[in-house]
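K.L.:
Mind folding the following:
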Amino acid sequence: MKHASAATSTAPATAGPNPAATAPSHPATTGPSLWAADALLPTGWARDVALAWDPQGRLTDVRSGVSPAAGQARAVGPLLPGMPNLHSHAFQRGFCGLTEYRAQAADSFWSWRDLMYRCASRISPAQVEAIATWLYVEMLEAGYTSVCEFHYLHHDPQGQPYAPRPDMAMAILRAAQRTGMGLTLLPVLYQTGGFGGAAPHTGQRRFLHGTDAMLRLLDILKPSCDAQGARLGLAPHSLRAVPPATLTEVLAGLDALDPTAPIHIHIAEQTKEVDDCIAWSGLPPVRWLLENAPVGPRWCLVHATHMTPAETLDAARSGAVAGLCPTTEANLGDGFFDMANWREGGGRWGIGSDSHATVNAAEELQWLEYGLRLTTRQRNVMADPAQPHVATAMTLAAVAGGTQASGRPVGGLQTGAQADFLELDPAHVALAGLPARDMLSAHVFGSHRTSAIANVWVAGQPRVQDGRHALRETAAAAFVDVRRTLVADA
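P.N.:
You can find the predicted model right below:
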């Protein structure tokens, strides 16, 4: 990994005086540490920042306005907090690009779903592991340092559980451990094919669990998650897939296992889903959930695209996180999130790559901002009074929301948080010569899908060096082999 020498820093200076010129030297550290000319802290940009962390990868000291200690490693460019990816279906990376053709007179999410079921019906645990390993390499190189895996591909092609272990979930855990990706594993409960207890579709048989079986699965997975520092939660797939009595029962079982475990749910992604929920219950899905479940800060409402203004305000005030996946939502023609009312209600939000049409944290932020510009016909919509630079404001908000949704201590560059961070590449053509704050803006809005990230650290361990993960070549080759097989079997 390239770092600046102890004598000089390659990070461009931010406008204004340099506090290090008169600041005392940073105290000598006994553990790993890093000094950066510029770093994005939870309160905003800071100059001359020193980080130190313990052997477990927790930040023990974060100070600004200090000179580097003798011999201390220096970041090559500005430091950013690692981005949590709060919504992922890893296996779907295996068929990205293979559904971009017209299958019927009017293609939609629902016709895409049929194609997804065809892929899900024949994929094996070994193939899932290969896909997830490559995907997590891609995510790390793109600035994601943890992922919430909304894992619903559980059983063999006939719908029977793997024995004696849940092979699909273990494949995800191995991929995360091998790549160094932080993980929140969210086994998905799926029981019905529609509102009112409709029978499940044949293509859904690999997803299905009884309530007791799901609680047993959580019991089985918890020791493996704990052993590698992953967080275990639960994902009731959606209101159309989980009947009300089951939702109440499974949440009680989850509370008995871990009363702080994260809970994620797909909700209000499509207008048909909203219409069907109203026909079933008389209420749109977000309103039904707010009135019938203990929605609060443990919850992540994934998509929540189609809400009334009152629903939006009430859901935001519940403390739940909105899980936004702009590139997937665009790819599937979902619609656009009501950010104005969500922010008015004080709601938190984060970003996810979902079906992985794009694996680029900066591009998710770009799409979110650009969608708002198109719908409001304004610019710099996501800026706020504290952070007028939109890329800075969005990065801090997405890290905070993603941290809450992940249920993991990855909340940015502050003492006590996990040492997850990335170094921007000051030599990248879109960033070169700019102040740090503008480098972040260029990374989000001007890097043209090329990586402007030099190095990525997870729990204090370097996982991406000079833009490349150590497993890039082998993981890519395995992924290509899987894709070739899936296409041949189609």
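K.L.:
Quote the end-to-end distance of stretch 278-288.
P.N.:
9 Å (Cα to Cα, to the nearest Å).
K.L.:
Is it correct that residue 116 is in contact with residue 92?
P.N.:
Yes: using Cβ atoms under 8 Å, residue 116 is in contact with residue 92, at 6.6 Å. Every residue, glycine included, has its C-beta placed from N, CA and C.
K.L.:
between these two, what contacts are shared?
P.N.:
Residues touching both residue 116 and residue 92 (Cβ atoms under 8 Å, 6 or more residues apart in numbering): residue 355.
K.L.:
quick one: which of the two has more around it?
P.N.:
residue 92 (21 against 18; other Cβ atoms under 10 Å).
K.L.:
which residues touch that one?
P.N.:
Neighbours of residue 92 in contact, by Cβ under 8 Å, 6+ apart: 116, 119, 354-356.
K.L.:
okay, the helix or strand residue 224 falls within in PDB with CA atoms only?
P.N.:
Element membership for residue 224 (DSSP states H and E) is helix 211-227. Only the C-alpha atoms of helix 211-227 are listed here, as PDB (Å, rounded to 0.1, in the frame of the first residue of the first chain):
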ATOM      1  CA  THR A 211     -42.000 -19.600  11.700                       C
ATOM      2  CA  ASP A 212     -40.400 -22.200  14.000                       C
ATOM      3  CA  ALA A 213     -38.000 -23.200  11.200                       C
ATOM      4  CA  MET A 214     -36.900 -19.600  10.900                       C
ATOM      5  CA  LEU A 215     -36.300 -19.200  14.600                       C
ATOM      6  CA  ARG A 216     -34.300 -22.500  14.500                       C
ATOM      7  CA  LEU A 217     -32.300 -21.100  11.600                       C
ATOM      8  CA  LEU A 218     -31.500 -18.000  13.700                       C
ATOM      9  CA  ASP A 219     -30.300 -20.100  16.600                       C
ATOM     10  CA  ILE A 220     -28.100 -22.100  14.300                       C
ATOM     11  CA  LEU A 221     -26.500 -19.000  12.600                       C
ATOM     12  CA  LYS A 222     -25.900 -16.900  15.700                       C
ATOM     13  CA  PRO A 223     -22.700 -18.700  16.900                       C
ATOM     14  CA  SER A 224     -21.200 -18.500  13.400                       C
ATOM     15  CA  CYS A 225     -22.100 -14.800  13.100                       C
ATOM     16  CA  ASP A 226     -20.600 -14.000  16.500                       C
ATOM     17  CA  ALA A 227     -17.400 -15.900  15.700                       C
END
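K.L.:
Contacts for it, please.
P.N.:
For helix 211-227, using Cβ under 8 Å, 6+ apart, the contacting residues are 154, 161, 165-166, 169-170, 173, 183, 185, 187, 189, 191, 209, 230-232, 234, 246, 249-250, 253-254, 257-258.
K.L.:
and those residues, which of them are in helices?
P.N.:
169-170, 173, 246, 249-250, 253-254, 257 (DSSP state H).
K.L.:
From those, pick the one nearest residue 317.
P.N.:
Taking Cβ to Cβ as the measure, residue 317 lies nearest residue 254 of the ones in helices among the contacts of helix 211-227, at 23.4 Å.
K.L.:
pretty sure that closest one contacts residue 234?
P.N.:
Yes: shown here, residue 254 and residue 234 form a contact pair, counting by Cβ under 8 Å, at 5.0 Å.
K.L.:
Mutual contacts of these two, please.
P.N.:
By Cβ under 8 Å, 6+ apart, the residues touching both residue 254 and residue 234 are 218, 261, 263.
K.L.:
just checking, residue 166 touches residue 154?
P.N.:
Yes: between residue 166 and residue 154 there is a contact at 6.7 Å, judged by Cβ under 8 Å.
K.L.:
sorry, back to before: would you mind listing which of the ones in helices among the contacts of helix 211-227 are buried?
P.N.:
169-170, 173, 246, 250, 253-254 (16 or more other Cβ atoms under 10 Å).
K.L.:
Need those in JSON lines (columns: pLDDT and distance to residue 77).
P.N.:
As requested, these are arranged in JSON lines below (pLDDT from 0 to 100; distance: Cβ to Cβ, whole Å):
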{"residue": "169", "pLDDT": "97", "distance to residue 77": "37"}
{"residue": "170", "pLDDT": "98", "distance to residue 77": "37"}
{"residue": "173", "pLDDT": "98", "distance to residue 77": "33"}
{"residue": "246", "pLDDT": "98", "distance to residue 77": "49"}
{"residue": "250", "pLDDT": "98", "distance to residue 77": "46"}
{"residue": "253", "pLDDT": "98", "distance to residue 77": "47"}
{"residue": "254", "pLDDT": "98", "distance to residue 77": "42"}
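K.L.:
Noted, bye for now.
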